[in-house]
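Colleague: sequence first, then the predicted structure, then my questions.
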Amino acid sequence: MLNVAEICPATRALGPGVRAVVWVQGCPFRCRGCLAPNWIPDRPARQMTPDELAATLLGDPRVTGLTFSGGEPMAQAAGLAATVRAVRAVKDVTLICFTGFRLEELTGRPIAEELLAEVDVLIDGRYVAARDNDRGMRGSDNQRVHHLTERLRGHDFTGGPRRAEIHVKDRDVLLVGVPPSSLTAAWHTIGGGRT
Ligand code: SF4
């Protein structure tokens, strides 16, 4: 069973093309300045089976890729790996995964490697506010972009302007993407807590 903090069925703010995004609940790291502090506690959120999550991620026909973030995806690696396999049984999507672990901390760990086997691009490492350069899809420039396959090799993950979208759902708002610092500051000023 997966413990899911939030789902965005379609966005252009977290990687190339239209992507469905999953943020998992719970992270063992407590990076100062984390954009998603509500998703750090390891508490029950939305409980979903991999098949249920896969069906949700397949809901928008424009989607060509998935992005996993959090929270810490590697803390739920087995369930997320099963989710990707279920999605790919229907549609050949690419997968970008953020993690606070460094790749070297994950290799040799069978459950983490189960998810790594499905990942096309891994963005690794803790967020360091002092290294936030306001560029690309990394939260801070100590984080590394690993192309574990060739499928998204042509996309620039480290440069270019940041992208973010504000999604309105029911009576809630969701900030999707790696926002520029000016937007992050404004978001916190108005009391937004979700990214
Ligand atoms: S690893 Fe990511 S989600 Fe976890 S505390 Fe750091 S910035 Fe937040």
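Modeller: Alright, I've got the coordinates.
Colleague: just how off-centre is stretch 143-151 within its chain?
Modeller: Distance, stretch centre to chain centre, for stretch 143-151: 14 Å (Cα atoms, centre = their mean, to the nearest Å).
Colleague: quick one: terminal-to-terminal distance for that stretch?
Modeller: Using Cα to Cα, to the nearest Å, one end of stretch 143-151 lies 20 Å from the other.
Colleague: find the nearest non-adjacent residue to the most centrally placed residue in the chain, please.
Modeller: Nearest to the mean C-alpha position of the chain, by Cα atoms, centre = their mean, lies Ser69 at 2.1 Å. Ranked by Cβ to Cβ, 6 or more residues apart in numbering and with sequence neighbours excluded, the top spatial neighbour of Ser69 is Phe98, at 4.4 Å. Placement of C-beta: from N, CA and C, glycine included.
Colleague: state the distance from the one you found to the ligand.
Modeller: 7 Å (Cβ to the nearest ligand atom, to the nearest Å).
Colleague: likewise Arg126?
Modeller: Counting by Cβ to the nearest ligand atom, the gap from Arg126 to the ligand is 5 Å.
Colleague: begin at 39 from here
Modeller: Right, with 39 as the first residue, what we last looked at is Arg164.
Colleague: and that residue, how many residues sit next to it?
Modeller: 19 (other Cβ atoms under 10 Å).
Colleague: quick one, phi psi at Arg189?
Modeller: phi -70, psi -30 (degrees, to the nearest 10).
Colleague: let me fix that: Pro47
Modeller: phi -70, psi -20.
Colleague: try the one 4 residues further on
Modeller: Main-chain torsions, Ala51, degrees, to the nearest 10: phi -100, psi 0.
Colleague: now it, nearest residue through space, not along the chain?
Modeller: Gly215 (3.1 Å).
Colleague: hang on, isn't the one you found packed against Ile204?
Modeller: No. Using Cβ atoms under 8 Å, Gly215 is not in contact with Ile204, being 9.3 Å away.
Colleague: one step back: for the residue nearest to the centre of the chain, give me its contacts.
Modeller: Going by Cβ atoms under 8 Å, 6 or more residues apart in numbering, Ser107 touches Leu52, Val59, Val60, Trp61, Val62, Ala74, Cys135, Phe136.
Colleague: most widely separated two among those?
Modeller: Ala74 and Cys135 (15.2 Å; Cβ to Cβ).
Colleague: more neighbours: the two, which one.
Modeller: Using other Cβ under 10 Å as the criterion, Ala74 and Cys135 rank with Cys135 on top: 26 against 20.
Colleague: that one sits in which helix or strand?
Modeller: Per DSSP states H and E: Cys135 is located in strand 132-136.
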